[in-house]
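Asker: sharing a model that was predicted from the sequence below.
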Amino acid sequence: MVETMFRSVTGKNIAMLGFAFKKDTGDTRETAAAYVAKSLLEERAKVSVYDPKVSRESMLMEMEYTMGVTKDDYRGLDNSLPLVPDVYEACKGAHAICVMTEWDEFKTLDFKRIYDGMPKPAFVFDGRNILPHDDLRAIGFEVYAIGKPIKKAT
């Protein structure tokens, strides 16, 4: 993600969609999202997390337990890693969206609305391969997905 976004995410807003280990749970134990979030925080990005079942307490507990990220070590953690209650609010003003949990609701979001509220170029990193990639490219997103060839927006 960092390499794709002009080799820096410092000061950029990233919308992380999903923090749970898998959909339909609030289980955050050993979630890949914690690793990605820590990496982005180390690069000084702001990571706005939306997950319909994860609580702020369980997210921060996993960040501390697995990743060693605490409020003492990461000044401003509350501002740098907010848990946002609305998916559109999490995406508003984001430079990139990264999908970390395969929640069904992510497949049917109003991506035109999301794109219109993002700075350009607007990036999508689909870590679960659940989004309509060709549709997103047609809107204007630069889409990257695990195990898929890189294509540019049309």
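Answerer: Here it is on my side, so go on.

Asker: show me which positions of the lowest-mean-pLDDT helix or strand in the chain end up buried.
Answerer: Scoring the helices and strands of the chain by mean pLDDT, DSSP states H and E places helix 77-80 at the bottom, with a mean of 92. Going by neighbour count (16 or more other CB atoms under 10 Å), the buried part of helix 77-80 is 77, 80. Backbone N, C-alpha and C define where each C-beta goes, glycine included.

Asker: show me the contact partners of it.
Answerer: 41, 45-47, 60, 69-71, 74 (CB atoms under 8 Å, 6 or more residues apart in numbering).

Asker: so which of the residues you listed are in strands?
Answerer: Secondary structure from DSSP state E places 46-47 of those in strands.

Asker: of the contacts of helix 77-80, buried ones?
Answerer: 41, 45-47, 60, 69, 74.

Asker: give the contact list for residue 123.
Answerer: Taking CB under 8 Å, 6+ apart, one finds 1, 4-5, 95-97, 141-144 in contact with residue 123.

Asker: what bridges to it?
Answerer: Taking DSSP bridges, one finds residue 96, residue 142 as the beta-bridge partners of residue 123.

Asker: ok, back up a step: immediately after the least confident helix or strand of the chain, which helix or strand?
Answerer: helix 87-91 (DSSP states H and E).

Asker: give me the number of residues near residue 61?
Answerer: 13 (other CB atoms under 10 Å).

Asker: what sits against it?
Answerer: By CB under 8 Å, 6+ apart, the neighbours of residue 61 are residue 28.

Asker: also residue 102?
Answerer: 18, 22-23, 128, 130.

Asker: pipe those residues into CSV and attach pLDDT per row.
Answerer: Output for those, formatted as CSV (pLDDT from 0 to 100):
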residue, pLDDT
18, 98
22, 94
23, 95
128, 95
130, 96
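
Asker: out of these, the closest to residue 84 would be?
Answerer: residue 18 (12.3 Å; CB to CB).

Asker: what's the spacing between that closest one and residue 39?
Answerer: Computed as CB to CB, to the nearest Å, the residue 18 to residue 39 distance reads 16 Å.

Asker: ok, the two, which is more surrounded?
Answerer: Per other CB under 10 Å, whichever of residue 18 and residue 39 has more neighbours is residue 18, with 28 against 15.

Asker: and the contacts of stretch 127-138?
Answerer: By CB under 8 Å, 6+ apart, stretch 127-138 touches 18, 32, 36, 98-102, 106-107, 111, 124, 126, 143, 145-148, 151-154.
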